[in-house]
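Undergrad: everything below, folded, please.
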Amino acid sequence: MEKVSKISFNSARRLLTKGIFAVDKPKNVYSMQVIDKLKENLQEDLFRHNEAESDFLKIGHGGILDFSATGVLVIGVGAGCRSLPLYLKGDKKYVAIGKLGEETDTLNDTGKITGTAPYDHISKEMIDTALKSKFVGSIWQMPPKYSALKRKGRRVSDLVLEGQEVEMQPRKVDCHSATCFLFNPPHFHLEITCGGGFYVRSLVHDVGKVLGSCAHVTELRRTQQGIFTESDALKEADWNASNILSAIKSSKAFLKKKSDKWYRIRND
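TA: I've put the predicted structure just below:
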């Protein structure tokens, strides 16, 4: 109990029955592995002498980040998990690096290269023009096959890996802004603000096609999810009970001040 000496056990238990906080997901880790690690750390720090007390512990996340992506992942504990769909559907910000001249089956660098094309004709101005004219606003977007979307209760990515043919359908999504802030061929750096259900991998792939080439994502980072930014997110080294409980306590005070009901949590 040394790590939570500043918060009584009963106070800790109350905080874990209802709360929201954010972590910084590391690279090459699945979002559910983050949940497992957080739960493991809380159980070790708080309940290692009384495992029965941990039965109530419930943890979930508010929107999967790709395995190779990093950044803000909103976490709910206890009744706070009921608010997670709001973060899944809410606005997010990303920074991404795309690579021109190569496309992959996953639309990022974890997949196999499925095609190549010249890119010498492309300029930063062309990327800026394409983004503003084709990809900002309410747009139709084809989601990637390698994704967490589900068909008949199963992930599309699992069906594809089994060799099943899955026909994806375009979806209406919102892109509030998309800018290219650095172009160092073949790489281009983007900053994106979007609504729920938007795939940055699809955006980068589609930009490559519009420019008469092809492209895939080499790096992706979520810098904001809902009201939570990078500065609010706990780094992996800080995923102990003391820091988690402090983050929940701080976010409750912060959320209570927000007038926007979309992200507000009632602390009954």
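Undergrad: from here on, contacts and neighbour counts on C-alpha atoms
TA: Will do.
Undergrad: do a quick rundown of the strands in the stretch 151-268 of the chain.
TA: Secondary structure of the stretch 151-268 of the chain (DSSP state E, counting those that start in this stretch): strands at 154-155, 171-184, 187-194, 215-225, 228-229.
Undergrad: the fourth one versus strand 187-194: what angle between them?
TA: The one in question is strand 215-225. 40 degrees (axes from the mean of the first three to the mean of the last three C-alpha atoms, to 10 degrees).
Undergrad: can you tell me the average pLDDT over strand 215-225?
TA: Mean pLDDT, computed over strand 215-225, is 97.
Undergrad: report the separation between E125 and H189.
TA: E125 sits 13 Å away from H189, going by C-alpha to C-alpha, to the nearest Å.
Undergrad: try L255
TA: Counting by C-alpha to C-alpha - L255 and H189 are separated by 32 Å.
Undergrad: beta-bridge partners for the nearest residue to L57 once chain neighbours are set aside, please?
TA: Distances taken as C-alpha to C-alpha, 6 or more residues apart in numbering place G78 nearest to L57, at 6.5 Å, with adjacent residues excluded. Counting by DSSP bridges, G78 forms beta bridges with K18.
Undergrad: what pLDDT does the model give G78?
TA: So, for G78, pLDDT stands at 91.
Undergrad: about what we covered before: of E125 and H189, who's got more company?
TA: H189 (18 against 11; other C-alpha atoms under 10 Å).
Undergrad: residues in contact with the more buried one?
TA: V95, A96, I97, G98, C180, F181, L182, F183 (C-alpha atoms under 8 Å, 6 or more residues apart in numbering).
Undergrad: re the thing from before, the residue nearest to L57 against I20, yeah?
TA: No: taking contacts as C-alpha atoms under 8 Å, G78 lies outside contact range of I20: 9.1 Å.
Undergrad: who's more crowded, the two?
TA: Of the pair G78 and I20, I20 is the one with more neighbours under other C-alpha under 10 Å, namely 31 against 18.
Undergrad: ok, then the element right after whichever strand or helix holds that one?
TA: Using DSSP states H and E, I20 falls within strand 18-25. Once strand 18-25 ends, the next helix or strand along the chain (criterion: DSSP H and E) is helix 31-46.
Undergrad: same for the helix or strand following that following helix, what does it pack against?
TA: Going down the chain from helix 31-46, the next helix or strand is strand 59-61, by DSSP H and E. Helices and strands touching strand 59-61, by 3 or more C-alpha pairs under 8 Å, 6 or more residues apart in numbering; DSSP states H and E, are helix 31-46, strand 70-78.
Undergrad: redo the ones you listed as a markdown table? Include distance to R222.
TA: Formatted as a markdown table, the helices and strands packed on strand 59-61 follow (distance: least, C-alpha to C-alpha, whole Å):
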| stretch | distance to R222 |
| --- | --- |
| helix 31-46 | 13 |
| strand 70-78 | 5 |
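Undergrad: where among those is the average confidence lowest?
TA: Taking the mean pLDDT of the helices and strands packed on strand 59-61, helix 31-46 comes last: a mean of 92.
Undergrad: sketch out the low-pLDDT regions of the stretch 51-200 of the chain for me.
TA: Residue ranges of the stretch 51-200 of the chain with pLDDT under 70: 51-55, 146-163, 166-168.
Undergrad: mind running it again at 90?
TA: Low-confidence segments of the stretch 51-200 of the chain (pLDDT under 90): 51-57, 63-64, 83, 85-90, 144-169.
Undergrad: residues touching the most centrally placed residue in the chain, list them.
TA: The C-alpha lying nearest the average C-alpha coordinate of the chain belongs to L65 (C-alpha atoms, centre = their mean; 3.5 Å). L65 sits next to Y30, S31, L73 when contact means C-alpha under 8 Å, 6+ apart.
Undergrad: compare these and tell me which is most surrounded.
TA: With neighbours defined as other C-alpha under 10 Å, the most crowded of these is L73; it has 28 neighbours.
Undergrad: identify the residue spatially nearest to N41, adjacent ones excluded.
TA: Nearest non-adjacent residue to N41, counting by C-alpha to C-alpha, 6+ apart: N240, 5.8 Å away.
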